[in-house]
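>>> Following is a predicted model, sequence given first.
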Amino acid sequence: MRAFPAWAQAPAHSGIIDRHGFELSDIALFVVAVLGVWFARRALRTRFRRRGRREGGQD
């Protein structure tokens with residue numbers, strides 16, 4: 001009685017790591033993250049700048 005078929009006992013990968021630098025998706029993720037931080041900071045700066053003027057507070 002065989003509990004596991006032969007293909008289930010194959011190793012997950014060959015053990016060879018192919019390192020050849022950044023992929024395009026890595027660069028795209030970095031660019032999107034930078035744009036997200038820039039956009040959030042810009043929005044918060046604008047928001048607090050308006051709030052300070054409205055309340056007559058420090059700007």
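Done, it's in. Fair warning: this is a prediction, and the values are worked out from it, not measured in the lab.

>>> Helix or strand: which one has the residue nearest the centre of the chain?
Central residue of the chain (CA atoms, centre = their mean): L29, 5.3 Å from the mean position. When elements are assigned from DSSP states H and E, L29 belongs to helix 24-54.

>>> quick check: mean pLDDT across that helix?
Looking at helix 24-54 alone, the average pLDDT works out to 92.

>>> next one: that helix to chain centre, how far?
On the basis of CA atoms, centre = their mean, to the nearest Å, the separation between the geometric centre of helix 24-54 and that of its chain is 14 Å.

>>> distance of T46 from A40?
For T46, the distance to A40 equals 11 Å [CB to CB, to the nearest Å]. (Each C-beta comes from the backbone N, C-alpha and C, glycine too.)

>>> What about R51, how many residues nearby?
R51 sits with 11 neighbouring residues when counted by other CB atoms under 10 Å.

>>> make that D18, sorry
By other CB under 10 Å, the residues close to D18 number 4.

>>> Relative to L24, how far out is it?
Between D18 and L24 the distance is 16 Å, computed by CB to CB.

>>> do G15 as well
From G15 across to L24, the span is 26 Å (CB to CB).

>>> go on, F39?
Taking CB to CB as the measure, F39 falls 22 Å from L24.

>>> okay, these two: which has more neighbours?
Between F39 and L24, counted using other CB under 10 Å, F39 has the larger neighbour count: 10 against 7.

>>> residues contacting that one?
Under the criterion of CB atoms under 8 Å, 6 or more residues apart in numbering, F39 has no contact partners.

>>> Contact partners for R19?
With the criterion set at CB under 8 Å, 6+ apart, R19 makes contact with nothing.
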